[in-house]
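Q: Build me a model from this:
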Amino acid sequence: MNRPVATLPHLIVARLLWYVGVGALAVMALASQTQFSVAAVLSAIAIYIPLSMLGLPLIAWLGLGRANGTAPKGLAPAWPCWLAAVAGMALLAGYHLSAQLELAECGILLLLVAVDLALVRRESVCLAGHVATARRRWRR
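A: Predicted coordinates:
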């Protein structure tokens, strides 16, 4: 059967837990009195939060596109998530080699975006399933 990957409440809880985790990362960065935590971690989080909120309409667009049949059914490809994660880790490794805080900030930002992209993959399938079910019920 064509069942969504997860139910809508589970995805909302997963997204909220992710934001709680990002908040915990920010609190830990504030508690640590190093230049790295303040300059790299907090500035990356400050960039990530609006970027993530702007990505929420993208989830709706992907879900509606999948429900209309304009996009293939199932999960979106995982390579963007992995590419962002690998690039983020490479930039963090580059920070340890060259001690440039900009590399660390970009690396942390890319790691945050990688997790966000993974959440978007799951949310778009769930939203598409709910929209398709609602359309089938409406047509009856």
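
Q: Figure out the helix or strand that the residue nearest to the spatial centre of the chain lives in.
A: A centroid search over the chain (CA atoms, centre = their mean) returns residue 116, at 0.5 Å, as the residue closest to the centre. For residue 116, the element it lies in under DSSP states H and E is helix 101-139.

Q: Spatially, what comes nearest to the residue nearest to the centre of the chain if we skip its sequence neighbours?
A: Excluding the flanking residues, the one nearest residue 116 by CB to CB, 6 or more residues apart in numbering is residue 52, at 5.3 Å. Every C-beta, even on glycine, is put in place using the N, C-alpha and C of the backbone.

Q: Sticking with the one you found, tell me its helix or strand.
A: Using DSSP H and E, residue 52 falls in helix 43-68.

Q: and the following helix or strand past that helix, which residues are buried?
A: Counting by DSSP H and E, the next helix or strand C-terminal to helix 43-68 is helix 79-98. By neighbour count on 16 or more other CB atoms under 10 Å, the buried set for helix 79-98 is 81, 84-85, 87-88, 91-92, 94-95.

Q: any idea of the mean pLDDT in helix 79-98?
A: The average pLDDT for helix 79-98 rounds to 87.

Q: can you list the residues that contact it?
A: With CB atoms under 8 Å, 6 or more residues apart in numbering as the contact definition, helix 79-98 has outside contacts at 40, 100-101, 103-104, 106-111, 113-115, 117-118, 121.

Q: Swap in 10 Å and give it another go.
A: 36, 40, 44, 100-121 (CB atoms under 10 Å, 6 or more residues apart in numbering).
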